[in-house]
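have a look; sequence and predicted model below, questions after that.
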Amino acid sequence: MTNPLLHTEGLPAFSRITPAHVEPAVDYLLAENRRRIRELLESLQKPTWLNFIEPLDEWDDELERAWSPVSHMNSVVNSDDLRAAYNACLPKLSEYGTEMGQNEALYAMYKRLADSDQPFDEGQRKVLDNALRDFHLSGVDLPADKKTRYKEISQQLSQLTSTFSENVLDASNAWSKRLDDVASLAGLPQSALDLAAQTAQQRGEQGWMLTLDFPSFFPVMTYADDRVLRREMYEAYNTRASDQGPHDPQYDNSELMEQILALRHEQAQLLGFANYAERSLATKMARSTDEVMHFLHDLAERSKPQAERELAELRAFAAELGHDDLQPWDVGYYAEKLRKQRYNISQEEVKPYFPETRVVPGMFEVMSRLFGVSFHEVEGVEAWHPDVKFYEVRDPDGHEVAQFYFDLYARPNKRGGAWMDTCQSRRVTSGSCQLPVAYMTCNFTPPVGDKPALLTHDEVETLFHEFGHGLHHMLTRVDYPAIAGISGVAWDAVELPSQFMENFCWEREALEHFSGHYETGEPIPQEMFERMLAAKNFQSAMMMMRQLEFALFDFRIHREYDPQQGGRVYEILNQVREQVAVIMPPVWNRFAHGFSHIFAGGYAAGYYSYKWAEVLSADAFSLFEENGVFDAATGRSFLENILSKGGSRDAAELFHAFRGREPQIDALLRHSGIAA
Ligand SMILES: [Zn+2]
């Protein structure tokens, strides 16, 4: 084999991978896998773990090892050719995935294995249960007529949801506002003015142009002194793809929303669920729809009084400036002014205390103290760019347990933001042990001259967050790839380790390890640290209520769907708002028409997960607050009970094993500065 993507030993050969290798490798592996799986199913008399699951894992692994460097390079060293090759493979991979989920012979073999009297360990049992569950959720075990209907619905849904998001996008793109006089944009920061001028220029227009893209919309709502302008943009944004506001009726999502809700409901019932909310929970940590509703109501009840106080404060502040009658399009504007007056903290002020040269080794030290692991840079491992570093992770006995690539700096053709991705998964078979390998990617401003890269506190927090995911992937002790690391972890629990790690960025004791002025080494002044903390929790209860409004709305429209009455989208939204909104939007607000997360994305009846995972991570961290931020026994217990266990047991059990009880919301409220 001369194609480096088909080289199945060791780390990817990045220096030899070219766009021309991508499609042939994927085509070859997909064809090979189809053939091998067909032959395996035909030849197997009696499936066992060894003769059935291990080869399937092996072939999946080959595909992952070929595809992961491609998809990674597409993100970090993008080129036209690579993107074309990458995009050409996406539909092939998704078709293969659907085909496997619908493969009846494959399902039957899994079932035979699961029903046999062979002894399975706990992890193997979990792998089989998950697989059977996923086959069931894809409709493979339905009677023929229902199966046909199931497939029809799936196809319709994929079309309707994609039209939904196209409508949002098209309606957004169709709206713009040109201004001749920069004075009408008074209050906006220079960066927003530059963007508006650049947008006008790109469209061959004079002056300044505003659009509904977030980088244009958000600064107007936050900084524009012109109240009429704020109202106009608020209206345009919050009526996108609806029957209201300035938009073309051809983009109206009203009918699509009804159809999507109806079809989801029907499909859930085909599978034996009472409604789509129940279907959504089949793969999540939350056990019942009642539990989710109770959870959201509880948080709302305990946050609302403070949210009302925060709003009253904001009203009073606006009134002092001569503005009574606070409207939704005023909230962001006065909030920013109040925040500035009170805390006057800027990321620029904080940056000199977070040089990369201190943050990165300091973060490694924090993780060492907590989990007993150590980090060692390895020279000479080939990567996709000269700036990339490579590390080994060793356990307390000095054994290598994982590896990762560390790509720190922003550069052209690299996607923005920070993330963790999987290069290889941990997989232990009768004959071999493959260690987990991660890609850790950031976009820090590169160092200039002798001055190290300086990070904002937000960037430091993001780095800790992503290393939480990274540790989950790398410190796993589970041998079966389907449930090792982040694989097979319930969706509403997968952010537990990452959000957990963020907490260390707000602990004075931990900060000492990874902060210090880049010139003097001085620690962050206590006064500055306190302002940072206060600014973090500014209006947190109002923010909490807003997230709860989205989450309750999402969950209720899926849970209460009734074919007789239809979706009742705004009826339910209004009920939710009566209950939790502190500031009532105008009657023409059509927020739901642009809520792509739930109508077009993966968050349907799952938006609550954001808060759910936050509660888990805050509550887990509270044990460290009780026992000491660096208490070694608590750190080892977190490693033992949660980080290393991946998806091998239910998230609720793992949490219980670590915390000794069910999750409680108190720690999250306390960390958010909400006194409940
Ligand atoms: Zn995350």
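Received it, and whenever you're ready, just let me know what you need.

how about the one helix or strand Leu261 maps to as CSV, C-alpha atoms only?
Assigned by DSSP states H and E, Leu261 falls within helix 254-270. The C-alpha coordinates for helix 254-270 follow below in CSV (Å, rounded to 0.1, in the frame of the first residue of the first chain):
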residue,chain,number,x,y,z
SER,A,254,-44.5,28.1,10.5
GLU,A,255,-45.8,25.1,8.5
LEU,A,256,-42.4,23.3,8.7
MET,A,257,-42.4,23.5,12.5
GLU,A,258,-45.8,21.9,12.6
GLN,A,259,-44.7,19.1,10.2
ILE,A,260,-41.4,18.5,12.1
LEU,A,261,-43.1,18.2,15.4
ALA,A,262,-45.8,15.9,14.0
LEU,A,263,-43.4,13.6,12.3
ARG,A,264,-41.1,13.3,15.3
HIS,A,265,-44.0,12.4,17.4
GLU,A,266,-45.2,9.8,15.0
GLN,A,267,-41.7,8.3,14.7
ALA,A,268,-41.3,8.2,18.5
GLN,A,269,-44.6,6.3,18.8
LEU,A,270,-43.6,3.8,16.1
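
residues in contact with that helix?
Helix 254-270 is contacted from outside by 139, 142, 146, 149-150, 153-154, 156-157, 160-161, 163-164, 167, 242-243, 274-276, 278-279, 557-558, 561, 563, 566-567, 569, 592-593, 599, 604, using CB atoms under 8 Å, 6 or more residues apart in numbering. In short, each C-beta sits where N, CA and C put it, glycine included.

likewise stretch 33-49?
Residues outside stretch 33-49 that contact it (CB under 8 Å, 6+ apart) are 51-52, 55-56, 59, 62-63, 96, 100, 103, 105-106, 109, 112-113, 116, 118, 120, 124.

go again using 6 Å as the cut-off
If you take CB atoms under 6 Å, 6 or more residues apart in numbering as the criterion, stretch 33-49 is touched by Trp59, Ala105, Met109, Arg112, Leu113, Gln124.

what are the buried residues along that stretch?
Buried positions in stretch 33-49, judged by neighbour count with 16 or more other CB atoms under 10 Å: Asn33, Ile37, Leu40, Pro47, Trp49.

filter those residues down to just the ones in helices.
The helices, defined by DSSP state H, take in Asn33, Ile37, Leu40 from those.

can you redo these as CSV with pLDDT?
Formatted as CSV, those follow (pLDDT from 0 to 100):
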residue, pLDDT
Asn33, 98
Ile37, 98
Leu40, 98
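
list just the nearest of the residues you listed to His72.
Set against His72, the nearest of these by CB to CB is Asn33 (21.1 Å).

report the separation between the closest one and Pro4.
Counting by CB to CB, to the nearest Å, the gap from Asn33 to Pro4 is 19 Å.

export the contacts of stretch 33-49 to CSV and tack on pLDDT, secondary structure and neighbour count?
Output for these, formatted as CSV (pLDDT from 0 to 100; DSSP: H, G, I helix; E, B strand; the rest coil; neighbours: other CB atoms under 10 Å):
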residue, pLDDT, secondary structure, neighbour count
Trp59, 96, helix, 17
Ala105, 96, helix, 12
Met109, 97, helix, 19
Arg112, 97, helix, 13
Leu113, 98, helix, 22
Gln124, 97, helix, 19
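
ok, Glu365 - contacts?
Counted by CB under 6 Å, 6+ apart, Glu365 has contacts His513.

ok, it to Pro452 distance?
As for Glu365, its distance to Pro452 is 17 Å (criterion: CB to CB).

in this protein, what spans have low per-residue confidence?
Applying pLDDT under 70 to the chain flags residues 1, 676.

can you tell me the strand partners of the top strand by length along it and which way each runs?
Counting residues, the longest strand found in the chain (DSSP state E) is strand 400-409. Paired neighbours of strand 400-409 in the sheet (DSSP bridges): strand 389-394 (antiparallel), strand 437-444 (parallel).

adding distance to Glu614 and mean neighbour count, write those out as a markdown table.
Formatted as a markdown table, those follow (distance: least, CB to CB, whole Å; neighbours: other CB atoms under 10 Å):
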| stretch | distance to Glu614 | mean neighbour count |
| --- | --- | --- |
| strand 389-394 | 27 | 18 |
| strand 437-444 | 23 | 22 |
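
what ranges does the stretch 401-550 of the chain have for its strands?
For the stretch 401-550 of the chain, the strands defined by DSSP state E, counting those that start in this stretch occupy 419-424, 427-428, 433-434, 437-444.

can you point out the buried residues in stretch 79-96?
Buried residues in stretch 79-96, defined by neighbour count with 16+ other CB under 10 Å: Leu82, Ala85, Tyr86, Cys89, Tyr96.

can you check stretch 567-587 too?
Within stretch 567-587, the residues scored as buried using 16+ other CB under 10 Å are 567-570, 572-574, 576-577, 580-583, 585.

thinking again about what came up before, what's next to the next helix or strand after the helix holding Leu261, contact-wise?
Toward the C-terminus, helix 254-270 is succeeded by helix 276-281 as the next helix or strand (DSSP H and E). For helix 276-281, the surrounding residues in contact (CB under 6 Å, 6+ apart) are Arg264, His265, Ala268, Phe273, Thr289, Phe555, His558, Arg559, Ala605, Gly606.

for Lys304, see how far away the closest residue to the fourth one other than its chain neighbours is.
Just to be clear, that refers to Phe273. Leaving aside its sequence neighbours, Phe273 sits nearest to Arg279 (CB to CB, 6 or more residues apart in numbering; 4.4 Å). For Arg279, the distance to Lys304 equals 30 Å [CB to CB].

how about Leu533?
From Leu533 to Lys304 the distance is 23 Å (CB to CB).

one more: Gly417?
Applying CB to CB to Gly417 and Lys304 gives a distance of 33 Å.

Met501 now?
Counting by CB to CB, the separation of Met501 from Lys304 is 30 Å.

these two: who's more crowded?
Comparing Met501 with Lys304 by other CB atoms under 10 Å, the one with more neighbours is Met501, at 26 against 21.

next, count neighbours for the nearest residue to that one once chain neighbours are set aside.
Counting by CB to CB, 6+ apart, Met501 lies nearest to Gly468, which is 3.5 Å off, once chain neighbours are set aside. Using other CB under 10 Å, Gly468 has 24 other residues around it.

from what I see, Gly468 and Ser498 are in contact.
Yes: with contact defined as CB atoms under 6 Å, Gly468 reaches Ser498; the gap is 3.4 Å.
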